[in-house]
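*Asks:* Prediction below, plus the sequence it came from.
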Amino acid sequence: MKKKHWQAIQKNSGEIDSDKFFENASLSGAIFANADLKNAYFHKADLQNADLANADLEGAFLNEANLQNANLKNAKLDGASLVNANLSRTNLSETSFVGASLFNANLDRANLENADLKKAQFINADLTEADLENANLSECNLIGANLERAFLEKVVLRKANLSNANLEGANLSNANFKGADVTNVNLRNAFLLNVKNLTLSQLKSLNSLVDAKLDKSLESRIRERFPHLLEKGEF
């Protein structure tokens, strides 16, 4: 099937669609690359495999939308709402999600490499095996999020709230934890090599570090002060 090419709302087309209303629309495989979709309404829209690279979706409403396998590389979604959206396996690399709402969103195996997620809301979101290498998660809310086996190398977690999050098996090597809330976080089997700004106060609040890969100096500090974190037991 030939992909739909939505030229009517593309930047510089001269034919801007002022409504941008796509509720329940079937847009699988549609091409919205470089489109001006500010404040567009995509509630429950089917955007599987759609091309939204470089699109401007600032303030867009995408609650319960299906964006599985879509391409949103370098798209702008600042302030957008994606509550309960399906972003499984979606390309979100270099995308800006500043202040976006992604409560309960499915980002299983999504690519968020180099994404700007500052102040985004990921409460109870599923980020299993997601790639967040070098992403900015400053002041991000990840309460109760599932980041099992996620790739978080070189992420910035400054003042992020990770309380009750599951990071079992996640790779957090070279991550910056400055000011992050890690209360009751599960870090079993996680990689925590060369992490930055992870304080004793933060370590004390963790749920588990059983079988975590740690620098020798960090492991020594934990064994001395909080040995229970390294003892096997139920999460």
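*Replies:* In hand now; what should we look at? Residues are numbered from 1 along each chain as shown.
*Asks:* could you say what helices and strands the longest helix along the chain packs with?
*Replies:* Of all the segments of type helix in the chain, defined by DSSP state H, the longest one is helix 216-225. If you count contacts as 3 or more CB pairs under 8 Å, 6 or more residues apart in numbering; DSSP states H and E, helix 216-225 packs onto helix 200-205. Every C-beta, even on glycine, is put in place using the N, C-alpha and C of the backbone.
*Asks:* run the last query once more with 10 Å
*Replies:* Secondary-structure packing of helix 216-225 (3 or more CB pairs under 10 Å, 6 or more residues apart in numbering; DSSP states H and E): strand 191-192, helix 200-205, strand 213-214.
*Asks:* what's the spacing between the first one and its chain's center?
*Replies:* Centroid separation for strand 191-192 versus its chain: 19 Å, with CA atoms, centre = their mean, to the nearest Å.
*Asks:* Stretch 88-102 too?
*Replies:* Between the centre of stretch 88-102 and the centre of its chain there are 6 Å (CA atoms, centre = their mean).
*Asks:* For the chain, give me the ranges with low pLDDT.
*Replies:* Low-confidence segments of the chain (pLDDT under 70): 1-19, 233-235.
*Asks:* Go through the longest helix of the chain and flag the buried ones.
*Replies:* For helix 216-225, a neighbour-count test (16 or more other CB atoms under 10 Å) marks 218, 222 as buried.
*Asks:* Please give me every residue in contact with Glu219.
*Replies:* Going by CB atoms under 10 Å, 6 or more residues apart in numbering, Glu219 touches 192, 209, 212-213, 230.
*Asks:* can you rerun that using 6 Å?
*Replies:* Glu219 makes contact with no residue under the criterion CB atoms under 6 Å, 6 or more residues apart in numbering.
*Asks:* Distance check, it against Asn34.
*Replies:* 49 Å (CB to CB, to the nearest Å).
*Asks:* rewinding a little: for the helices and strands packed on helix 216-225, could you give me JSON lines that also reports mean neighbour count and distance to Asn111?
*Replies:* Shown next, in JSON lines, are the helices and strands packed on helix 216-225 (neighbours: other CB atoms under 10 Å; distance: least, CB to CB, whole Å):
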{"stretch": "strand 191-192", "mean neighbour count": "22", "distance to Asn111": "19"}
{"stretch": "helix 200-205", "mean neighbour count": "14", "distance to Asn111": "28"}
{"stretch": "strand 213-214", "mean neighbour count": "16", "distance to Asn111": "24"}
